[in-house]
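S.K.: Give me the fold of what follows.
(one chain, ligands or ions: 1)
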Amino acid sequence: MAPNNDFDLVVIGSGPGGYMAAIRAAQLGMRVACVEKDQAPGGTCLNIGCIPSKAMLDSSERFHVAKSGLAAHGIKVSGVELDLPTMLSRKDRVVKTLTSGVSGLLKKHKIERVIGIGRLTSPTTVEVTGGETRTLTTKKVLIATGSAPIALPALPFDGKRIVCSTEALAFTSVPKTMLVVGAGAIGLELGSVWARLGTAVHVVEFLDRIVPGMDRKMGEALQKLLQKQGITFQLQTTAKAAKVSQTGVTVTLESNGVSEQREAEVVLVAVGRRPYTEGLGAKEIGVELDAKGRIVVDAHFQTKVPGVFAIGDVIAGPMLAHKAEEEGVAAVESMAGQAGHVNYEAIPSVVYTAPELAAVGITEEQAKERGLDIRIGTFPFLANGRAKAMGETDGMVKMIADAKTDRVLGIHILGARASDMIAEAVVAMEFYASSEDIARSSHAHPTMPEAIKEAALAVHGRTLNL
Ligand code: FAD
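M.R.: Predicted coordinates for the structure are as follows:
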């Protein structure tokens, strides 16, 4: 029987934005197709991003702890050895389990998976080629095609010596030396993975700080902790050229007008990602792109072409999986006449180093730039009972509140498990909490989140444990 090619919604891309939108649309009664050029669903996040990077971070952290973190707990271990092939195949298994899970979810919701490259030939027609060959007609289209790594012309990717995150998640041997260009989340996370496994990692950054989107002081504190782990940094430095040989790469670096050459076995270029619209045909049907190539949308995620929507990494905003998910759900709810909404003030971001750095809301610098009158409360994990018990005393919580209304404007956490702790901060901000609200909420003892409560108390100078 010939397939039915007529849909209420065609989603192009099955990353976290696309597949979540497809599921929500199916829940709302739409007949949905999800077009994906790769065999496995899940997009960047599941296949080559969030999930494999966290699998490698968790495995490498266990190796590092087994090697040097257990003696203080009175546990003697010897003969700890790295089995990299097993570590890599475990990561691949984790990815496979999760992408199979997404396939199952799409099936459960009767969403038609179409494998191939989707191209818009009109606002209501998507031609699929390069896999299945089909012409899909639809009432609405949601573009969720994500992003791709930015290449530097001076350091072109060759997939072997000069690589992007995808290859850096799958090196089959531990490089002796690695130069990371770009001190954002991806560069620091993958730099941490290989540093823990034995690579000498050097990070260069064009700006005068690491993790530029984060609170400056928290970023500086993280840099110091990473330096203690042996990672070296060179800020205000540009990679100008590279010469690849049989054994590695010689990179020309320039800092303050002074040039130097640096050798590395591999170079990871992690300077950001760009929206991915190749072969999509969006521009041709009238969809507007901004100067950075991002699809321009209105408050309901609709492009300049009625009925064609876009979400996730391919539009403006932080390139984060959970941001894409929220937008995907909000976009289809808007299509269905509901009040789909994303609160961009309360989208958390996390750098999964050890310790982790997590944040939601504004930084101290942003508060100053906006001329806001603020109060700041901080509390170090050194004074937190659970952190002491775990031996994880690095870092602190920093809370920024409006001086007049006491409303919490930002929470920044540098510490073990910060990625889990930030959820409390997000809920607090969603409910427009004051620092007093958090200070008066009972936090289980002994737990790391007690440091959030203490930081809230510190906003008004009333910490109890410091
Ligand atoms: P994507 O996940 O990129 O999915 C887009 C999909 O569209 C892809 O599968 C692509 O093949 C498909 N596609 C594109 N064009 C077409 C077409 N014409 N036809 C058919 N299919 C098409 N974010 C976090 O929040 N937390 C993290 O810890 C995190 N870690 C990361 C680590 C790494 C190494 C990387 C690279 C990224 C990480 N990210 C993380 C970012 C996160 O992966 C992205 O923000 C997220 O995947 C964006 O989701 P999306 O749905 O917009 O696009």
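S.K.: Can you name the helix or strand that Cys102 falls in?
M.R.: Actually, residue 102 is Val. It isn't Cys. Following DSSP states H and E, one finds Val102 within helix 84-108.
S.K.: That helix near the ligand at all?
M.R.: No - Helix 84-108 stays out of contact with the ligand when judged by C-beta under 6 Å from any ligand atom, the minimum separation being 10.1 Å. From N, CA and C alone the C-beta is placed, and that goes for glycine too.
S.K.: now for that helix, which elements pack on it?
M.R.: The helices and strands touching helix 84-108, judged by 3 or more C-beta pairs under 8 Å, 6 or more residues apart in numbering; DSSP states H and E, are helix 16-27, helix 43-48, helix 50-68, strand 112-115.
S.K.: got TSV for these, with mean pLDDT, distance to the ligand and mean neighbour count too?
M.R.: Listed next are the helices and strands packed on helix 84-108 as TSV, based on pLDDT from 0 to 100; distance: least, C-beta to the nearest ligand atom, whole Å; neighbours: other C-beta atoms under 10 Å:
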stretch	mean pLDDT	distance to the ligand	mean neighbour count
helix 16-27	98	3	26
helix 43-48	98	3	24
helix 50-68	97	4	19
strand 112-115	98	9	19
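S.K.: Distance to Val251 added to the ones you listed, as TSV?
M.R.: As requested, the helices and strands packed on helix 84-108 are exported to TSV (distance: least, C-beta to C-beta, whole Å):
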stretch	distance to Val251
helix 16-27	34
helix 43-48	24
helix 50-68	23
strand 112-115	39
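S.K.: From the chain's centroid, how far away is stretch 60-77?
M.R.: Stretch 60-77 has its average C-alpha position 28 Å from the chain's average C-alpha position, going by C-alpha atoms, centre = their mean, to the nearest Å.
S.K.: Report how far apart the opening and closing residues of it are.
M.R.: With C-alpha to C-alpha, to the nearest Å as the measure, stretch 60-77 spans 17 Å from end to end.
S.K.: and Leu197, what does it touch?
M.R.: The neighbourhood of Leu197, defined by C-beta atoms under 8 Å, 6 or more residues apart in numbering, consists of Ser60, Phe63, Leu82, Leu84, Val174.
S.K.: again, 10 Å this time
M.R.: In this structure, Leu197 makes contact with 56, 59-60, 63-64, 67, 82, 84, 87, 171, 173-175, judged by C-beta atoms under 10 Å, 6 or more residues apart in numbering.
S.K.: One more: Met396?
M.R.: Residues in contact with Met396 (C-beta under 10 Å, 6+ apart) are 217-218, 221, 355, 378-384, 412-415, 451, 454-455.
S.K.: if we compare the helices and strands packed on helix 84-108, which one ends up closest to Gly279?
M.R.: Closest approach to Gly279 among the helices and strands packed on helix 84-108 is made by strand 112-115 (14.8 Å; C-beta to C-beta).
S.K.: gap between the closest one and the chain center?
M.R.: Shown here is strand 112-115, whose average C-alpha point lies 26 Å from the average C-alpha point of the whole chain (C-alpha atoms, centre = their mean).
S.K.: Paired strands for it, with orientation please.
M.R.: Next to strand 112-115 in the sheet, as set by DSSP bridges, lie strand 32-36 (parallel).
S.K.: For the partner strand, the averaged confidence score.
M.R.: Average pLDDT, strand 32-36: 98.
S.K.: Using CSV, write out every CA atom in it.
M.R.: Listed next in CSV are the C-alpha coordinates belonging to strand 32-36 (Å, rounded to 0.1, in the frame of the first residue of the first chain):
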residue,chain,number,x,y,z
VAL,A,32,2.8,14.1,12.4
ALA,A,33,5.8,13.1,10.3
CYS,A,34,9.4,13.6,11.5
VAL,A,35,12.0,13.8,8.7
GLU,A,36,15.6,13.0,9.7
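S.K.: Just want the angle from it to helix 16-27.
M.R.: 160 degrees (axes from the mean of the first three to the mean of the last three C-alpha atoms, to 10 degrees).
S.K.: what about strand 32-36, near the ligand?
M.R.: Yes - judged by C-beta under 6 Å from any ligand atom, strand 32-36 comes into contact with the ligand through Val35, Glu36.
S.K.: Of all the helices and strands packed on helix 84-108, which one is nearest Thr237?
M.R.: Thr237 sits nearest to helix 50-68 of all the helices and strands packed on helix 84-108, at 24.2 Å, using C-beta to C-beta.
S.K.: I'd like the distance from the closest one to the chain centre, please.
M.R.: Distance of helix 50-68 from the chain centroid (C-alpha atoms, centre = their mean) equals 17 Å.
S.K.: Can you work out which other helices and strands pack against it?
M.R.: Under the contact definition 3 or more C-beta pairs under 10 Å, 6 or more residues apart in numbering; DSSP states H and E, helix 50-68 sits against helix 43-48, helix 84-108, helix 165-168, helix 185-196, helix 321-335.
S.K.: Now the fourth one: buried residues?
M.R.: Residues Ala185, Ile186, Gly187, Leu188, Glu189, Leu190, Gly191, Ser192, Val193, Trp194, Ala195, Arg196 are the ones in helix 185-196 that count as buried (16 or more other C-beta atoms under 10 Å).
S.K.: and if you look at the longest one?
M.R.: Under the neighbour-count criterion of 16+ other C-beta under 10 Å, helix 84-108 has Met87, Leu88, Lys91, Val94, Val95, Leu98, Thr99, Val102, Ser103, Leu105, Leu106 buried.
S.K.: Just put those residues in a markdown table and tack on distance to Leu179 and pLDDT.
M.R.: Formatted as a markdown table, these follow (distance: C-beta to C-beta, whole Å; pLDDT from 0 to 100):
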| residue | distance to Leu179 | pLDDT |
| --- | --- | --- |
| Met87 | 22 | 98 |
| Leu88 | 22 | 98 |
| Lys91 | 23 | 98 |
| Val94 | 28 | 98 |
| Val95 | 27 | 98 |
| Leu98 | 31 | 98 |
| Thr99 | 31 | 98 |
| Val102 | 35 | 98 |
| Ser103 | 38 | 98 |
| Leu105 | 40 | 98 |
| Leu106 | 40 | 98 |
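S.K.: Test my guess that Arg274 contacts Ile150.
M.R.: Yes - contact criterion C-beta atoms under 10 Å: Arg274 and Ile150 qualify, at 5.1 Å.
S.K.: From the centroid of this protein, which residue is nearest?
M.R.: With distances taken as C-alpha atoms, centre = their mean, Leu320 lies nearest the centre of the chain, 4.6 Å away.
S.K.: quick revisit: now the helices and strands packed on helix 50-68 as a markdown table including distance to Ala26?
M.R.: Listed next are the helices and strands packed on helix 50-68 as a markdown table, based on distance: least, C-beta to C-beta, whole Å:
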| stretch | distance to Ala26 |
| --- | --- |
| helix 43-48 | 18 |
| helix 84-108 | 9 |
| helix 165-168 | 30 |
| helix 185-196 | 32 |
| helix 321-335 | 9 |
